[in-house]
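Participant: below are the sequence and a predicted model for it; my questions follow.
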Amino acid sequence: MDFLRLDIQDNGVGLLTIERPEALNALNEALLLELEECLTEISKESRIKVLVITGSGRAFVAGADIAVMHPMGEEQAKVFSLLGQRTFNQLSNLPQPTIAAINGYALGGGLELALACDLRVASEKAKLGQPEIGLGIIPGFGATQRLPRLIGTARAKELLFTGATISAQEALALGLVNRLFAPDELLEGALALAADIAQKSAVILRYLKTAVDQGVATSLAEGLAIEAQYFGVCFTTYDQKEGMGAFLEKRSPRFRDC
Ligand code: HXC
């Protein structure tokens, strides 16, 4: 892989690092296509129960590649937007839980990548924002849709309309990130969070993620029906019998890998 590195730990945690540090990991077509291919492999990789994504160097991802976009016409720009949306949908739809470990700048398409993850943790020094308005464009990799769903319409519009870069502390207050870590403790903290989640039942985590994601995309009534359906499906699994049996026998559960 030219732009990505995937490390798989024995504890079920996968670490995907974006490696284009000379351009602050800016996203071009080749990088997005590589990411798409890598995510397809990860979705089938039973050794990865939780995926952490980070950037190499001083940025998470500083956005889509501005030099690549500058000469584009309407059709080319739309195709580029659709490529990024397809890739980030694939990330969002991964069966495994995902955590963005935001080590530095997460701007434009970089923040959109983080928004497609289930959780976001950040370095106390990270900077986040959707600066597209200042470049004469709107976001095209999902922020007009995922950002308001995450932090509310008015807060999202403020970030989108002003293009402001905000601190990690402001992002935490907005609910844009879940946790902050000292810069040199970020990766360790993200991997520890991932390892904690990876100890849970992989199959039940998948049902849980699906129930939440399908539910928030629909009405409360339909969402509750989805919850009840997956709640029932849990009782078809070995891990439900093991989890409840372990409680009753006053021991730790030994969930099956899946
Ligand atoms: C291309 C980029 C880049 C980007 C940084 N670089 N961001 N190249 N596209 N998005 C390159 C710089 O050109 C420079 O290359 C090198 O990375 C280091 O960046 P510097 O600017 O020298 O670093 P610094 O002064 O520390 O400033 C860091 C920064 C700034 C504040 C993050 O680089 C910046 O503002 N970048 C652009 C952020 C942005 O606007 N992102 C949104 C893009 S639009 P050289 O060769 O000079 O060393 C977008 C739309 C998504 O993401 C949807 C598309 C459909």
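Facilitator: Yep, it's here.
Participant: tell me the helix or strand right after the longest helix seen in the chain.
Facilitator: With DSSP state H applied, the helix covering the greatest number of residues in the chain is identified as helix 74-92. In the C-terminal direction, the helix or strand that comes right after helix 74-92 (DSSP states H and E) is strand 98-102.
Participant: that following strand pairs with which strands?
Facilitator: For strand 98-102, the paired strands and their directions (DSSP bridges) read strand 50-55 (parallel), strand 119-123 (parallel).
Participant: let's have those strands in CSV, adding mean pLDDT.
Facilitator: Written out in CSV, the entries for the strands paired with strand 98-102 read as follows (pLDDT from 0 to 100):
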stretch, mean pLDDT
strand 50-55, 98
strand 119-123, 99
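Participant: so for residue 232, which of the ones you listed sits nearest?
Facilitator: The closest of the strands paired with strand 98-102 to residue 232 is strand 50-55. By C-beta to C-beta, the value is 25.0 Å. (C-beta placed from N, C-alpha, C; glycine too.)
Participant: any idea how far residue 127 is from the closest residue to the ligand within the stretch 151-258 of the chain?
Facilitator: Nearest residue of the stretch 151-258 of the chain to the ligand (C-beta to the nearest ligand atom) works out as residue 165 at 7.3 Å. The span separating residue 165 from residue 127 equals 5 Å under the rule C-beta to C-beta, to the nearest Å.
Participant: who's more crowded, these two?
Facilitator: It is residue 127, of residue 165 and residue 127, that has more neighbours when counted by other C-beta atoms under 10 Å, with 21 against 15.
Participant: can you pull out the helices in this structure?
Facilitator: Counting by DSSP H, one finds helices in the chain at the ranges 29-43, 66-69, 74-92, 109-115, 143-151, 153-162, 168-174, 186-198, 202-216, 220-234, 238-248.
Participant: nice, that's everything, thank you.
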